[in-house]
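*Asks:* turn this into a model:
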Amino acid sequence: MTGYGKQSANYNGRLLTVEVRTLNSKQADLNLRIPSIFREKEFELRDLIATTLNRGKIDVFIQRDLAPGESGTQLNESLISSYYELLKKVEKQFKEPSSNNAADYLNLIMKMPEVLSPAGVELEDDEYQVLKTAVENCLQSCQDFRSQEGMKLVKVLGDSVRSILQNLKEIETMEDDRIQRIRERISTNLAEELKSQSKLDNDRFEQELIFYIEKLDITEEKVRLNAHCDFFLKTLSEDGPKGKKLSFISQEMGREINTLGSKAQHSDIQRLVVGMKDELEKIKEQVLNIL
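*Replies:* Numbers count the residues shown, from 1 in each chain. Prediction:
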């Protein structure tokens, strides 16, 4: 979701500048700063920006520089005259002779409220169309920036998922050794039990053995994790927004990896599971950058 775009346009000598910056966010968080003359079009501009950029922390700045010789303020001449007459009237109440210096009055009057006000210029349709085109071009530049970042993320995420799949394959090669270690552990525990008991309940032993084997079986976890990884890679290659979908898939991957770790009871498999968790954290961090 990180992106940047900037566009400029001219209308009758005025320079219109549009700048867009986007960062990661779970929803659309739009901050729009525009000159007051475009305020009547704010909702239309907001809708255009939100629809195009979808979501993220979005900052949009629009600047309008006037043409040479064009003023953005105007003098309130009637108010200036009123202030002048008032000052002359107040001055007569003092014994000091009048200064009759208009410049002295003017310095005071220009500091009075509402003497200067924005020029009452109405927005022209043609100027707004020029601005709208600049906004659209700027948003497209931002989208292009996002696409370039997205191509890099696709490779990073794909490499992490393939690393998890590689670790999963290595775990499969250790299954025979893992089962053998579990059998030896059970045999050792059984021998210790036989020393303390004169008779063994074979039926109870078989029930406990079946329960123990089922409890430690990781076949389903391996199958589901492999399926989740394939689904993640497939979703990664699809068009359109997919950030939330990838986030959900990564959560499911995490559940299977955690279960593998809790059932493994094998030091080498535990080492591979730790590697999987490390890659999964990288995936979760980078998925936040995807729409």
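*Asks:* find the nearest non-adjacent residue to F61, please.
*Replies:* E19 (4.6 Å; Cβ to Cβ, 6 or more residues apart in numbering). Where you see a C-beta, it was placed from the backbone N, CA and C, and this is true even at glycine.
*Asks:* which residue ranges of the protein form helices?
*Replies:* Using DSSP state H, the helices of the chain run over 42-53, 77-91, 102-109, 125-173, 175-196, 202-216, 219-236, 243-264, 267-287.
*Asks:* just to revisit the earlier point, the residue nearest to F61 - how many residues pack around it?
*Replies:* 17 (other Cβ atoms under 10 Å).
*Asks:* and the pLDDT for it?
*Replies:* According to the prediction, E19 has pLDDT 96.
*Asks:* got it, and the one 3 residues further on?
*Replies:* Turning to T22, the model gives it a pLDDT of 91.
*Asks:* so who does it touch?
*Replies:* By Cβ atoms under 8 Å, 6 or more residues apart in numbering, the contact set of T22 is M1, T2, G3, Y4, L53, G56, K57, I58, D59, C142, R146.
*Asks:* any regions of the stretch 151-291 of the chain where pLDDT drops low?
*Replies:* 187, 190-191, 193-210, 213 (pLDDT under 70).
*Asks:* go again using 90 as the cut-off
*Replies:* Counting by pLDDT under 90, the stretch 151-291 of the chain has low-confidence residues at 151-153, 172-220, 236-244, 261-269, 285-291.
*Asks:* the stretch 1-150 of the chain now?
*Replies:* 1-3, 12-14, 23-29, 35-37, 39, 53-56, 64-124, 146-150.
*Asks:* the same query, at a cut-off of 70, please.
*Replies:* Along the stretch 1-150 of the chain, segments meeting pLDDT under 70 span 1, 69, 71-75, 94-103, 116-121.
*Asks:* gap between stretch 134-152 and the chain center?
*Replies:* Its chain's C-alpha centre and that of stretch 134-152 lie 14 Å apart, by Cα atoms, centre = their mean, to the nearest Å.
*Asks:* now do that stretch: everything it contacts.
*Replies:* 1-9, 16, 18-20, 22, 45, 48-49, 52-53, 60, 62, 289-291.
*Asks:* buried ones among those?
*Replies:* Among the contacts of stretch 134-152, those that count as buried by neighbour count (16 or more other Cβ atoms under 10 Å) are 1-3, 5, 7, 9, 16, 18-20, 22, 45, 49, 52-53, 60, 62, 289-291.
*Asks:* now intersect those residues with the strands, please.
*Replies:* Applying DSSP state E to those, the entries found in strands are G3, G5, Q7, A9, L16, V18, E19, V20, T22, V60, I62.
*Asks:* could the residues you listed go into a markdown table alongside distance to I37?
*Replies:* Shown next, in a markdown table, are these (distance: Cβ to Cβ, whole Å):
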| residue | distance to I37 |
| --- | --- |
| G3 | 27 |
| G5 | 22 |
| Q7 | 18 |
| A9 | 15 |
| L16 | 11 |
| V18 | 15 |
| E19 | 18 |
| V20 | 20 |
| T22 | 25 |
| V60 | 16 |
| I62 | 10 |
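*Asks:* from those residues, which is closest to V154?
*Replies:* Minimum distance to V154 across those is 16.0 Å, recorded for G3 (Cβ to Cβ).
*Asks:* hey, what's the closest one bridged with?
*Replies:* Beta-bridge pairing for G3 (DSSP bridges): T22.
*Asks:* quick one: contacts for it?
*Replies:* Contacts of G3 (Cβ under 8 Å, 6+ apart): V20, R21, T22, L53, G56, C142, Q143, F145, R146, E149.
*Asks:* got a ChimeraX select line for the buried ones in those residues?
*Replies:* Those of the contacts of G3 that count as buried under 16+ other Cβ under 10 Å are selected in ChimeraX with:
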select :20,21,22,53,56,142,143,145,146
